[in-house]
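Engineer: When you get a sec, could you give me coordinates for this:
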Amino acid sequence: MSVASPTSMERCDSGTSEDVVARHACADNVEMNGLDEHASAALSIFDTLQPLEQTELVKRVLSRMTHFQQGHISNFLLQILQRDFISCLPESGHFDIAVKILLYLDPTSLCRAELVCRNWYNVIQSGRVWKRLVERKVHADKSWDNISKKRRWRSYLHQSNTPLGHLEGEYFRRLYPLVLEDLRSMETNWLNGPSELKRIRCQSENNKGVYCLQYDDDKIVSGLRDHTIKIWDRKSLECTSVFTGHTGSVLCLQYDENIIVTGSSDTTIHVWSIATGEVLNIVKHHTEAVLHLRFQGDMLVTCSKDRKIAVWKINSPRDFELREVLSGHRAAVNVVDFDDKFIVSASGDRTLKVWRTSDLQLVRTLTGHHRGIACLQYRDRLVVSGSSDFTIKLWDVECGACLRTLEGHNELVRCIRFDESRIVSGAYDGLIKVWDLKAALDPRSPNKDLCIKTLEEHGGRVFRLQFDQFQIISSSHDDTIVIWDFISARDEKNDPSPHWQIDDEVSVDGAVQASLTE
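Structural biologist: The predicted model follows:
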């Protein structure tokens, strides 16, 4: 055993503060020198063990330590186990893995991740994480998909090269809260208003009234009591085309990319070229007014005041082949709708009838309205009908059960449409009512809570309406078409987060005040 020299012992026993520090360092050095000798021997043995044996040995050593010692070891392990994997993965050639990890974050967490360090920010920007997050939302959420088309930024998605250039990351980062704001704003406007109102005055010379309509982002196609079909530009609201050929009121219509099919009180069905206005076909079968029609793919269904339903095969716009005539209603058949499973018809005889699409056989008859039925829509299992008994009824088409009756209109319910969350109805009382569909399907919901909004702009009977997430477009006996725009109303309220977009020169029109981290 080695013994310290008198000189060194005297230095360690000195009473000054410097000597106290030196004395402890001296003792530590002596102890550490001894530890190094034992540690080297222990580590040599440790290195000869298999990994599982090494682990078991460390466990036994830890179990012999005091709680205080184990605390020191825990702190040491926390430090050496921490890894900045988002920074390390790209350096080791695994950039895509870092991006995939970040894609699991919600928007608020992603905003915070951008602030961790420059490396994280660069991975988020270079990996187009915000863009991918938006693409995922558009794919999974119909509301996002709809708004991407409405706001015209859908073309920037799923493309490696866009006009946004180096601003792409910032564009989608700012876009995300703007979409959320649009969605919140629309929900508020549907519930409480206000909504932006636009009106088209059709200026019919003699017989006034707009019986039917259909619209898209570019145009509104309307059928009028004055025997014409008029097409209106969505931006200018000006009439761009007038089709003439019917000798009676145009009562129903539907169009696709190429043709418009119309039905009239003159008993005929006309097929028009949507591009030129040329009459491609005139179909004569019904003996009285054609009240409604629907087509999908190569199948057309028409119904008439003559109490008949005609099912047609569309071989071409110039060739309509009659497949079957469905009889059974005892009064005028006012409306039809269909899908691959069922055709549903409604009549002035107070009944709805369900026919199988495959073999055109009658499946069941739905009864419950006390007067004639003027309108219906059918989708999935749900049928919604409106009647001259002033009520709206919801039906399960599979079993024929009436699920709910809605009351609120004061005259005949002339038109009805629904989507995933709302029913919108128009009636001869001049009112348009918005109903909560989800609440209506819940038997526990009180009737007084079902109507969430009433619109009172028409000066006459409401004949037809259609709607989507952003708007209602309706037509009336007052010779007007009214557009209720729920998404544009946000701008009128001086929203602190005005909508912005990047134009062809990639400039930003506005700043986003909202923060995802709130």
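
Engineer: From residue 178, how far off is the residue nearest to the spatial centre of the chain?
Structural biologist: Of all residues in the chain, the one closest to the mean position by C-alpha atoms, centre = their mean is residue 143, 1.5 Å from it. When distance is defined by C-beta to C-beta, to the nearest Å, residue 143 is 14 Å away from residue 178. Using the backbone N, CA and C atoms, a C-beta is placed for each residue, glycine as well.

Engineer: looking at this, the residue nearest to the centre of the chain is in a strand?
Structural biologist: No: secondary structure assignment (DSSP: H, G, I helix; E, B strand; the rest coil) places residue 143 in helix, not in a strand.

Engineer: Let the chain start at 587 from now.
Structural biologist: Yep, numbering from 587; the last one is residue 729 now.

Engineer: distance of it from residue 772?
Structural biologist: 9 Å.

Engineer: Report the set of residues contacting both of these two.
Structural biologist: Residues within reach of residue 729 and of residue 772 at once, by C-beta atoms under 8 Å, 6 or more residues apart in numbering, are residue 1055.

Engineer: And the helices in the stretch 887-1036 of the chain, which stretches?
Structural biologist: All helices of the stretch 887-1036 of the chain, identified by DSSP state H, counting those that start in this stretch, fall at 1023-1026.

Engineer: same question but for the chain, I mixed them up
Structural biologist: With helices called from DSSP state H, the chain shows them at 592-598, 603-633, 637-650, 653-667, 671-677, 681-688, 693-700, 704-712, 715-726, 728-736, 754-777, 1023-1026, 1075-1078.

Engineer: Now tabulate the ones you listed in CSV and tack on mean pLDDT and distance to residue 913.
Structural biologist: Output for these, formatted as CSV (pLDDT from 0 to 100; distance: least, C-beta to C-beta, whole Å):
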stretch, mean pLDDT, distance to residue 913
helix 592-598, 39, 117
helix 603-633, 63, 93
helix 637-650, 93, 83
helix 653-667, 88, 79
helix 671-677, 89, 70
helix 681-688, 93, 61
helix 693-700, 91, 58
helix 704-712, 91, 65
helix 715-726, 92, 46
helix 728-736, 90, 39
helix 754-777, 89, 42
helix 1023-1026, 96, 33
helix 1075-1078, 43, 48
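
Engineer: of all these, which lies closest to residue 799?
Structural biologist: Relative to residue 799, the nearest member of those by C-beta to C-beta is helix 728-736, separated by 19.1 Å.

Engineer: Identify the residues contacting that closest one?
Structural biologist: Applying C-beta under 8 Å, 6+ apart, the contact partners of helix 728-736 are 720, 723-725, 740, 743, 765, 768-769, 803, 1006, 1054-1056, 1073.

Engineer: Quick check: the farthest pair among those residues?
Structural biologist: By the measure C-beta to C-beta, 743 and 1006 form the most distant pair in the contacts of helix 728-736, at 22.7 Å.

Engineer: ok now stretch 809-817, how far from the chain's centre?
Structural biologist: Taking C-alpha atoms, centre = their mean, to the nearest Å, one finds stretch 809-817 lying 33 Å from the centre of the chain it belongs to.

Engineer: Would you check that residue 875 makes contact with residue 850?
Structural biologist: Yes: Residue 875 is within contact range of residue 850, at 7.1 Å (criterion: C-beta atoms under 8 Å).

Engineer: So for those two, which residue has more residues nearby?
Structural biologist: Set residue 875 next to residue 850 and count neighbours by other C-beta atoms under 10 Å: residue 850 wins out with 25 against 19.

Engineer: what's across from the more buried one in the sheet?
Structural biologist: Beta-bridge partners recorded for residue 850 (DSSP bridges): residue 836.

Engineer: ok, which stretches of the stretch 737-886 of the chain are strands?
Structural biologist: Secondary structure of the stretch 737-886 of the chain by DSSP state E, counting those that start in this stretch: the strands cover 782-787, 796-801, 805-810, 815-819, 825-829, 836-841, 845-850, 854-859, 865-870, 876-882, 885-890.

Engineer: Show me the shaky parts of the chain.
Structural biologist: 587-620, 780, 1074-1104 (pLDDT under 70).

Engineer: run the last query once more with 50
Structural biologist: Within the chain, the segments meeting pLDDT under 50 span 587-616, 1075-1104.

Engineer: returning to what we had before: between the contacts of helix 728-736, which is closest to residue 1024?
Structural biologist: The nearest member of these to residue 1024, counting by C-beta to C-beta, is residue 1006 at 8.3 Å.
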